[in-house]
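1. Here is a sequence together with a model predicted from it:
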Amino acid sequence: MNEDLLRPQGRYFEELTPGTVLRHRVTRTLTEADNVFFTTLTMNPQPLHLDHEYAAATEFGQPLVNSLLTLSLLVGLSVHELTLGTLVANLGLDGVVFPKPVFHGDTIRAESEVLEVRESRSRPDAGIVVVEHRAINQRGEVVARCKRTALMQRRPATATD
């Protein structure tokens with residue numbers, strides 16, 4: 001039997017050391033439909049996201065992808081290799097920046113760098129990990145960055161422990 005199928009796909013607290021950089025495999029091209037659905041679902045009437053004529057008259061010349069969609073995608077792209085099945089809870093996001101705009105048709109990939117790890121004082125079965133997530137477009141430009149603090153599961157003890 002393949003032992004990898006018996007464990008979560010994400011990484012346990014012990015598997016995350018400062019300086020580790022994970023380049024996530026899944027990428028995503030953002031479409032106009034993605035942007036319109038997200039923007040209207042979240043009740044954001046900003047014409048920069050919804051109105052081609054308005055956006056054409058701005059310095060960008062075209063609609064911008066909603067920055068919170070970009071942020072959500074960034075965190076989502078990291079889940080498979082980082083937290084899938086091993087996250088207890090997200091504790092917060094800090095230092096969120098969007099250094100470059102994202103447009104319809106841009107393809108986003110993500111990478112995560114472990115910045116800090118520490119044991120939880122209140123939960124012996126978990127540890128706290130701070131990672132910097134970076135979203136990068138098809139031109140290699142960083143379009144979003146944030147620091148995420150997560151409460152992660154510790155590796156369970158095995159029968160031989």
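-> Thanks, I have it.

2. And the helices in the protein?
-> For the chain, the helices defined by DSSP state H cover 32-41, 47-50, 52-56, 67-82.

3. is it true that residue 9 touches residue 81?
-> Yes. Between residue 9 and residue 81 there is a contact at 7.3 Å, judged by Cβ atoms under 8 Å. Where you see a C-beta, it was placed from the backbone N, CA and C, and this is true even at glycine.

4. These two: which is more packed in?
-> residue 81 (18 against 14; other Cβ atoms under 10 Å).

5. For that one, give me its contacts.
-> Contact analysis of residue 81 by Cβ atoms under 8 Å, 6 or more residues apart in numbering lists 9, 10, 11, 22, 24, 25, 112.

6. Name the nearest of those residues relative to residue 106.
-> The closest of the contacts of residue 81 to residue 106 turns out to be residue 24 (Cβ to Cβ; 16.2 Å).

7. Neighbours of that closest one, how many?
-> 18.

8. go on, residue 143?
-> Residue 143 - counted by other Cβ under 10 Å - has 23 other residues nearby.

9. Need the helices of the chain in a markdown table (columns: mean pLDDT).
-> Putting the helices of the chain into a markdown table (pLDDT from 0 to 100) gives the following:
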| stretch | mean pLDDT |
| --- | --- |
| helix 32-41 | 98 |
| helix 47-50 | 97 |
| helix 52-56 | 98 |
| helix 67-82 | 97 |
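
10. just so I know, which of those lies nearest residue 95?
-> Closest among those, using Cβ to Cβ: helix 67-82, at 11.7 Å.

11. what angle sits between the closest one and helix 32-41?
-> Counting by axes from the mean of the first three to the mean of the last three Cα atoms, to 10 degrees, helix 67-82 lies at 110 degrees to helix 32-41.

12. Give me the buried entries from the contacts of residue 81.
-> Of the members of these, the ones counted as buried by neighbours, 16 or more other Cβ atoms under 10 Å, are 10, 11, 22, 24, 112.

13. pLDDT weak spots in the chain?
-> Along the chain, the parts satisfying pLDDT under 70 run over 1-2, 159-161.

14. So for it, the centremost residue is which one?
-> In the chain, the residue lying closest to the centroid (Cα atoms, centre = their mean) is residue 75, at 1.5 Å.

15. Identify the residue nearest that one in space, chain neighbours excluded?
-> The shortest distance from residue 75 to any non-neighbouring residue, by Cβ to Cβ, 6 or more residues apart in numbering, is to residue 133 (6.4 Å).

16. and that neighbour, what does it touch?
-> 74, 75, 78, 110, 111, 112, 144, 145, 146, 147, 148.
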